[in-house]
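A.B. asks: Here you go, sequence then predicted model.
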Number of protein chains: 4
Amino acid sequence: MEKTRLEAFSDGVLAVAITLMVLELKAPVQARSLADLASLTPAFLSYVLSFIYIGIYWNNHHHLFQATKSVTGGVLWANLHLIFWLTLFPFTSAWVSQHFDASAPSAVYGVVLLMAAIAYYILQTVIIRAEGPSSLLARAVGRDWKGRLSPLVYLAAIPLAFVHPWIADGLYTAVALLWLVPDRRIERILTGV
Amino acid sequence: MEKTRLEAFSDGVLAVAITLMVLELKAPVQARSLADLASLTPAFLSYVLSFIYIGIYWNNHHHLFQATKSVTGGVLWANLHLIFWLTLFPFTSAWVSQHFDASAPSAVYGVVLLMAAIAYYILQTVIIRAEGPSSLLARAVGRDWKGRLSPLVYLAAIPLAFVHPWIADGLYTAVALLWLVPDRRIERILTGV
Amino acid sequence: MEKTRLEAFSDGVLAVAITLMVLELKAPVQARSLADLASLTPAFLSYVLSFIYIGIYWNNHHHLFQATKSVTGGVLWANLHLIFWLTLFPFTSAWVSQHFDASAPSAVYGVVLLMAAIAYYILQTVIIRAEGPSSLLARAVGRDWKGRLSPLVYLAAIPLAFVHPWIADGLYTAVALLWLVPDRRIERILTGV
Amino acid sequence: MEKTRLEAFSDGVLAVAITLMVLELKAPVQARSLADLASLTPAFLSYVLSFIYIGIYWNNHHHLFQATKSVTGGVLWANLHLIFWLTLFPFTSAWVSQHFDASAPSAVYGVVLLMAAIAYYILQTVIIRAEGPSSLLARAVGRDWKGRLSPLVYLAAIPLAFVHPWIADGLYTAVALLWLVPDRRIERILTGV
């Protein structure tokens, strides 16, 4: 089964999700000056963070399927499951930006990040099962400490959001920065071959 | 005629439809706590169901065109007809989520499901007519009991929505779960060859 | 220069435009019964017509570029010019659906149809100039009576909208039906070769 | 690493951004006549300008990657960085159209144009570093006076917006027109080879 359409559909959903989030950035009707824009700071920061997260997922998805040869029915559904959680980013991103100082939005933001990380892990596992343990992908993923650390940080951040939302927000930002350092794992293996 | 653009355009519309539906998930302006999110439960459940349905259609469309060789003018229009009904999902999904306890939204949700199922059947028939009765697709579809059962269930659910909307909603959910079990029909035939 | 990206970008814009139009179909907040849906009839009819028009343009664009070999800088801009007018369909479609009995929305709907038809004609001309007068496309287009008739009908419909908007709306519908009859011109020539 | 998905994702985001901007074009609820449309003139002009800018970026992006052979991790992120600034066009475009006579929206519009130009320059530089100084792209870009002039004009326009917003708007329009003249640089080199 070809992987082209799976990639195209995923790209489409991510492209729409990333662009819809900017709709949350609405200048208040009476805003006319630079000072009036200050009220958009939380919305802007929340947009930047969510944009980076979608970017990271697109990037990793890109690497993952580059190392994938066969697409089974199970892969299709595991991919749709990942996409489901990613489509919720515009919702959680909007809620956080409206109540930057509230705990629940920040915690729910983390829950969706956690679910997306789990969905990515499931997708990766389903693909490796199809590709075999000696595949390029299986070897590359073996050293995936970022993929293992991230859900643990989200898991810690969710309850910490109820201590103060900015602790959780800080942790989400830290994980995003961790991933921004380009992921050379799969790339290196692929080049080595 | 190439089928690439037909697939790309269909993917695009489905990707936008699936992502637009999440716009319906809007936290009320004053919502700040987890308890406030409870009011979003119907909207969330309705989103999950509609997401799964779009996913099923994308999946089946993917399989259908993988088994298709030639694209005629008739196929282009039969495909646009299917897309037409699928673009109405964000509308019916939004209406159901606003009035979870009303009969009309649930019945109309079923009407659009029924029309999409009929449109899919027409598309499949137009393709088989072009491919010939001995084609891979014709043989694979011959055993398509899910495709035959689904519209009958929708047909029963529409009047039952006026007894109680949750009967209809339960039936729509049952059909969705039926399809979630991965469709190995076409896949198996293709592999057998 | 490759034509793949031009096609992909055009498909993307048309897919988004077609799906955004459905946002205009919003059930009134208190609408709970089938009778309440009656108020959506103009919006629904307007959606159906605009959907068909976008479908026709997608279809013709598909045929046009299938018969095209080289893409020049001029073709890129002529294509963007066509896309510009097509992106205005959601606006004119929404305005018509809000004031089904007013003349101005119906006339403006026609102006955008006319501009899109002219933009399509320009695009076709730019492509034929690049392909040469003996190209497949040049021969196929030579008999394009639909492409010549349509703008004349729009031109007549625009002032007639000020007599009564439904005259204009009827003419737009008639042209759409004319095109729904599958366009076998280019297809036939291509097959003949 | 393949460049297909990077192109497809960028196309998707630009297609959505260009189409979302048209949502800003909303006829006032009571608008029924052509005279009522006059109030939309600023929104329409702002849409035309932003559409042209997205078109220019799509066009240049198309040329840039046509001359690109290898896609590295750095290119992926430099491309996402460019996309980030382009997704802000719907926001700045909407703000300008709501307050056509205010300085801050016009200045912020220029800031986003400037950041996008810088992001494009970074992307180009990252690609040239990967391709090598004797690559087709490096030679083509050597004569890129438009790419060097544009950010200087934005830089001048931003403070001038506080003298009068229309001075800045005029400069943005002038730069757009400059680019509309089709960019034959890369095209010529490619043909020469």
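C.D. replies: That came through fine.
A.B. asks: Residue A:157 and residue A:166 touch, don't they?
C.D. replies: No: with the criterion set as Cβ atoms under 8 Å, residue A:157 and residue A:166 do not qualify as a contacting pair; they are 10.8 Å apart. Yep, even glycine has a C-beta here, placed from its N, CA and C like the rest.
A.B. asks: The two: who's more crowded?
C.D. replies: Between residue A:157 and residue A:166, counting by other Cβ atoms under 10 Å in any protein chain shown, residue A:157 is the more crowded of the two (25 against 14).
A.B. asks: So for the helix or strand hosting that one, what gets flagged as buried?
C.D. replies: If you go by DSSP states H and E, residue A:157 is part of helix A:145-160. The neighbour-count check on helix A:145-160 (16 or more other Cβ atoms under 10 Å in any protein chain shown) flags A:147, A:150-151, A:153-154, A:157-158, A:160 as buried.
A.B. asks: which other residues reach that helix?
C.D. replies: Residues from elsewhere that reach helix A:145-160, judged by Cβ atoms under 8 Å, 6 or more residues apart in numbering or on different chains: A:107, A:110-111, A:113-114, A:117-118, A:120-121, A:124, A:141, A:167-168, A:171-172, A:174-175, A:178-179, A:183.
A.B. asks: How about the following helix or strand past that helix and chain B, touching?
C.D. replies: If you walk from helix A:145-160 toward the C-terminus, the next helix or strand you reach (DSSP H and E) is helix A:165-180. No: for helix A:165-180, no contact with chain B is found by Cβ under 8 Å from any Cβ of the partner chain; the gap never falls below 10.5 Å.
A.B. asks: Check which helices and strands helix A:165-180 is in contact with.
C.D. replies: When contacts are defined as 3 or more Cβ pairs under 8 Å, 6 or more residues apart in numbering or on different chains; DSSP states H and E, helix A:165-180 packs onto helix A:41-66, helix A:103-131, helix A:145-160.
A.B. asks: how about these in TSV, adding mean pLDDT?
C.D. replies: Converted to TSV, those look like this (pLDDT from 0 to 100):
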stretch	mean pLDDT
helix A:41-66	93
helix A:103-131	94
helix A:145-160	93
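A.B. asks: Indicate which one of those helices is closest to residue D:47.
C.D. replies: Between residue D:47 and the helices and strands packed on helix A:165-180, the shortest gap by Cβ to Cβ is with helix A:41-66, which sits at 21.7 Å.
A.B. asks: tell me the angle of that closest one relative to helix A:145-160?
C.D. replies: Between the axes of helix A:41-66 and helix A:145-160, defined by axes from the mean of the first three to the mean of the last three Cα atoms, to 10 degrees, the angle is 150 degrees.
A.B. asks: Helix A:41-66 packs against which elements?
C.D. replies: Using 3+ Cβ pairs under 8 Å, 6+ apart as the contact criterion, the neighbours of helix A:41-66 among helices and strands are helix A:4-20, helix A:73-87, helix A:89-98, helix A:103-131, helix A:165-180, helix A:185-192, helix D:4-20, helix D:73-87.
A.B. asks: rerun at 6 Å
C.D. replies: If you count contacts as 3 or more Cβ pairs under 6 Å, 6 or more residues apart in numbering or on different chains; DSSP states H and E, helix A:41-66 packs onto helix A:4-20, helix A:89-98, helix A:165-180, helix D:73-87.
A.B. asks: how near is the residue of chain A found nearest chain D to chain B?
C.D. replies: Among residues of chain A, the one nearest chain D by Cβ to the nearest Cβ turns out to be residue A:15. It sits 3.0 Å away. For residue A:15, the distance to chain B equals 8 Å [Cβ to the nearest Cβ, to the nearest Å].
A.B. asks: which residues touch that residue?
C.D. replies: Contact criterion Cβ atoms under 6 Å, 6 or more residues apart in numbering or on different chains gives D:9, D:12-13, D:16 as the residues in contact with residue A:15.
A.B. asks: Quick check: closest non-adjacent residue to it.
C.D. replies: Spatial nearest neighbour of residue A:15, chain neighbours left out: residue D:12 (3.0 Å); criterion: Cβ to Cβ, 6 or more residues apart in numbering or on different chains.
A.B. asks: What does the pLDDT read for that neighbour?
C.D. replies: With respect to pLDDT, residue D:12 has a value of 93.
A.B. asks: That one: neighbouring residues, count only.
C.D. replies: Other residues close to residue D:12 by other Cβ under 10 Å number 30.
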